[in-house]
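# Structure for this input, please:
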Amino acid sequence: MHFRSLRVINEDRVAPDQGFPAHSHRDMEIITYILSGALQHRDSMGNGSVIRPGDVQRMTAGTGVAHSEFNPSKTEPVHLLQIWILPGTRNLPPSYEQKFFSDEERRGRLRLIASRDGGEGSVKINQDARVYAGILGLNQQTEYPLDKDRHAWIQVARGTLNLNGVELNEGDGAAVRNETHLSIAARDEGELLLFDLA
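Next up is the predicted model:
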């Protein structure tokens, strides 16, 4: 919990026909990333959608928003990561955004999925942070240069990865300081999120 502007990553598994009833947040950037299954979203801004693997949902809670999340399936669980990032500015108007990123866009590389400027078709967050998603096959490797005075968090969503010689297993997270280059290799089929943070 709480590395730079990254407040928390909740890894949730929701049973069929279960979920989280309406609850409120404020002054938080909330990103939902689905690993398997589907999640039905409703909020006080009038948004309603079902998000599936590849979908990235962003809510700016700002001055306050209520939302509920529910697994609409009668048979399949849903596995998701819900990410909270502290905003650079408080009391923003609440807003919502959802975009789809195919497996092909994320396979063998780090695909930008969230950023302050909405670059490369990513969802836009109100913080100096860039969030990437990647899917790596067996022994596949990707590199990431980390600028001076930047920090990184690596979250292993699936599989086993090697980060600069350190082995990380599914569910592990790694805080990175004082590094200028990240080398990430998959020991098996893996999926990860990389956060580039001020």
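# Name all residues that make contact with residue 110.
Residue 110 makes contact with 132, 133, 134, 142, 144, 194 under the criterion C-beta atoms under 8 Å, 6 or more residues apart in numbering. C-beta here means a position set from N, CA and C on the backbone, and glycine is covered the same way.
# what about the second one, distance to residue 127?
Okay, so that is residue 133. 17 Å (C-beta to C-beta, to the nearest Å).
# Please say which of those two ends up with more neighbours.
For residue 133 versus residue 127, neighbours defined as other C-beta atoms under 10 Å are more numerous around residue 133 (24 against 20).
# And stretch 118-126, end to end?
10 Å (C-alpha to C-alpha, to the nearest Å).
# what is the mean pLDDT for stretch 171-186?
In this model, stretch 171-186 has a mean pLDDT of 97.
# phi, psi of residue 74?
Note on residue 74: backbone dihedrals following degrees, to the nearest 10 are phi -90, psi -10.
# residues contacting the closest residue to it other than its chain neighbours?
Distances taken as C-beta to C-beta, 6 or more residues apart in numbering place residue 16 nearest to residue 74, at 5.5 Å, with adjacent residues excluded. Listed by C-beta under 8 Å, 6+ apart, the contact set of residue 16 reads 71, 73, 74, 75, 76, 77.
# likewise residue 115?
Residue 115 neighbours (C-beta under 8 Å, 6+ apart): 122, 124, 125, 129, 130, 131.
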